[in-house]
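>>> turn this into a structure:
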Amino acid sequence: MGISGPPAGFSLWREELKRAWLTLRGPHITPARAAASAALGLFIGSLPIFGSHTPLVLMLCLWFQLDAAVAWVMANVSNPFFAPALLMAEVQVGAWLRTGSLLRFDQELTRSGALHHFIGFMLVGAPVVGLALALFGGAIALAAASLLPRRGARQPYRLPSNAPEWIRAVEQVARRFASPDSRFPAERTRFHYLRAKLLSDPMARLLTEIADADPSAFGSVLDIGAGRGQLSLLLLELGRATAVRGLDWDERKLAEAKRAAGRASNDAARPEAVFMRGDLRTALFDPADTVLLVDVLHYFTLKEQDAILDRAAEAVRSGGRLILREADTDRGWRSLLTLAEERFFTFVRFNRGERVCFRPVAEIAARLQSRGLHCELHPAWGRTPFSNVLVVGRR
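Got it, this is the predicted structure:
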């Protein structure tokens, strides 16, 4: 199973760079925002946190929807040409604020503890000098921007007409969870996180390829260990599923899945998904045309895994299929890296599984074969360094 390439003339990397640039520039072009962007850059650039200026500027500008390009240029006030004078000014201002007099280098540098005082003066003076520069630079930027013709709001990014179907579907799935145009920073962050997660996950393209090969293949879908449900929602947005039922035990992720399922799609007649809480070791697996079991089996013991595989196979209707993805333990360094990654995220409780218990994917396929499914194995790591393998079992 190979992944088909994008249409001629379409480049995902080019489109992502274009989107990133528009996002960094912010949605509005107003004198006040230009002044705030310049002031923020000058203030951050004046702080003695070398190496952190750029990430801090980007983070704050994205959060407050300011112009990161303007702020970044202003933050370079601490370049090698101006940094010595800037640091000297900060030290002198700090000395004056702490002692009431300027620092005399011909005397102070010979005293013990001079370096300690020097750093202390700089830390006190840097925010004050930065604030003064921010007010001064912001005022100049406000005056300059007020003289320029008004352009209004920037047009938000839109996918080109030749974007692949699966990328359009990913966009719609992310919009179910959050709006990219929201005034709330946390919601914009959630949108971009879900969109990036699906775009970088080879599973989204593999499911699309299966759908393209047989548009009627999915039918009713049972998503076991659905999490937020983004993969089964993707099948809805692709128009390849007639119904979706998702099961998971993580109430936090289920709440997100239910909210996303409840948000109206562009097509009012499109079927919606139903997500329910359940322990996969005991939950009832209703019969379905397609059973999804993606990145969840390894959170159970081997005995529990076998029981879940048996019940999942039994839920596959005649002519249907089971689609499973798991990390393979027979893939060398990929397997070691995947195990380390899973154990880390489980330890920090980002993934809320009880354990991490991988096994050879060939064993999983053999178990499904013994339950009447004809299995095919396909690499499913894409451009990632992990050892994920896709098992497609057909009845």
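>>> domain map for the chain?
12-147, 194-394 (automatic domain parsing).
>>> adding distance to residue 178, mean neighbour count and mean pLDDT, write those out as CSV.
C-beta here means a position set from N, CA and C on the backbone, and glycine is covered the same way. As requested, the domains of the chain are exported to CSV (distance: least, Cβ to Cβ, whole Å; neighbours: other Cβ atoms under 10 Å; pLDDT from 0 to 100):
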stretch, distance to residue 178, mean neighbour count, mean pLDDT
domain 12-147, 14, 17, 87
domain 194-394, 7, 18, 87
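>>> of all these, which lies closest to residue 181?
domain 12-147 (7.3 Å; Cβ to Cβ).
>>> mind listing the helices for the stretch 101-250 of the chain?
Here the stretch 101-250 of the chain has its helices, by DSSP state H, counting those that start in this stretch, at 105-108, 114-147, 165-177, 185-200, 202-213, 230-237.
>>> what does the last one contact?
Spelled out, it's helix 230-237. By Cβ atoms under 8 Å, 6 or more residues apart in numbering, the surrounding residues in contact with helix 230-237 are 166, 168-170, 172-173, 176-177, 194, 197-198, 203-204, 207, 211, 218, 221, 223, 226, 241, 244, 246, 257, 260-261, 265, 270-273, 292, 294.
>>> residue 299 reaches residue 357, doesn't it?
Yes. Under the criterion of Cβ atoms under 8 Å, residue 299 makes contact with residue 357 at 7.5 Å.
>>> quick one: distance of whichever strand or helix holds residue 364 to the chain centre.
Following DSSP states H and E, one finds residue 364 within helix 361-370. Centroid separation for helix 361-370 versus its chain: 33 Å, with Cα atoms, centre = their mean, to the nearest Å.
>>> and if you look at stretch 321-330?
On Cα atoms, centre = their mean, the centre of stretch 321-330 falls 23 Å from the chain's centre.
>>> repeat for stretch 209-221
27 Å.
>>> how long is it from one end to the other?
With Cα to Cα, to the nearest Å as the measure, the ends of stretch 209-221 fall 17 Å from one another.
>>> any chance you could list what contacts that stretch?
Outside stretch 209-221, the residues touching it (Cβ under 8 Å, 6+ apart) are 1-4, 232, 235, 238, 240-245, 288-292, 317, 320-321, 323, 392.
>>> which one of the domains of the chain lies closest to residue 182?
domain 12-147 (10.2 Å).
>>> which other helices and strands contact the longest strand anywhere in the chain?
The residue-count maximum for a strand in the chain (DSSP state E) belongs to strand 316-327. Here strand 316-327 touches helix 202-213, strand 288-294, helix 302-315, helix 333-347, helix 361-370, strand 388-394, going by 3 or more Cβ pairs under 8 Å, 6 or more residues apart in numbering; DSSP states H and E.
>>> send me the third one as CSV with only the CA atoms.
Pointing back at helix 302-315 there. Extracted in CSV, the C-alpha atoms of helix 302-315 (Å, rounded to 0.1, in the frame of the first residue of the first chain):
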residue,chain,number,x,y,z
LEU,A,302,-0.9,-9.5,26.7
LYS,A,303,-3.8,-11.5,28.1
GLU,A,304,-6.1,-8.5,27.9
GLN,A,305,-4.8,-7.7,24.4
ASP,A,306,-5.7,-11.1,23.1
ALA,A,307,-9.2,-10.8,24.6
ILE,A,308,-9.7,-7.4,23.0
LEU,A,309,-8.4,-8.6,19.6
ASP,A,310,-10.8,-11.6,19.7
ARG,A,311,-13.9,-9.4,20.5
ALA,A,312,-12.8,-6.8,18.0
ALA,A,313,-12.5,-9.5,15.3
GLU,A,314,-15.9,-10.9,16.2
ALA,A,315,-17.4,-7.4,15.7
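>>> so residue 128 sits right up against residue 96, yeah?
No. Look at residue 128 against residue 96 with Cβ under 8 Å: they stay out of range, at 9.6 Å.
>>> report the distance from the strand or helix carrying residue 70 to the chain centre.
Element membership for residue 70, per DSSP H and E: helix 68-75. Chain-centre distance of helix 68-75: 24 Å, with Cα atoms, centre = their mean.
>>> got it, and stretch 54-66?
16 Å.
>>> wait, isn't residue 26 in contact with residue 60?
No. Judged on Cβ under 8 Å, residue 26 makes no contact with residue 60 at a distance of 11.6 Å.
>>> identify the contacts common to the two.
With Cβ under 8 Å, 6+ apart as the test, residue 26 and residue 60 both reach residue 66.
>>> residue 134 and residue 69: what is the separation?
17 Å (Cβ to Cβ, to the nearest Å).
>>> was I right about residue 187 contacting residue 179?
Yes. Under the criterion of Cβ under 8 Å, residue 187 makes contact with residue 179 at 6.1 Å.
>>> for the residue lying closest to residue 238 once chain neighbours are set aside, report the pLDDT, please.
Leaving aside its chain neighbours, residue 238 sits nearest to residue 169 (4.8 Å; criterion: Cβ to Cβ, 6 or more residues apart in numbering). pLDDT recorded at residue 169 is 91.
>>> quick one: residues contacting residue 169.
Counted by Cβ under 8 Å, 6+ apart, residue 169 has contacts 208, 234, 237-238.
>>> gap between it and residue 207?
Counting by Cβ to Cβ, the gap from residue 169 to residue 207 is 10 Å.
>>> residue 132 now?
56 Å.
>>> cool, and residue 21?
30 Å.
>>> next: residue 62.
From residue 62 to residue 207 the distance is 30 Å (Cβ to Cβ).
>>> on that earlier part again, got the contact list for the very next helix or strand once past the helix holding residue 70?
Going down the chain from helix 68-75, the next helix or strand is helix 83-99, by DSSP H and E. Around helix 83-99, the neighbours that count as contacts under Cβ under 8 Å, 6+ apart are 46, 48, 77-78, 101-103, 117-118, 120-126, 128-129.
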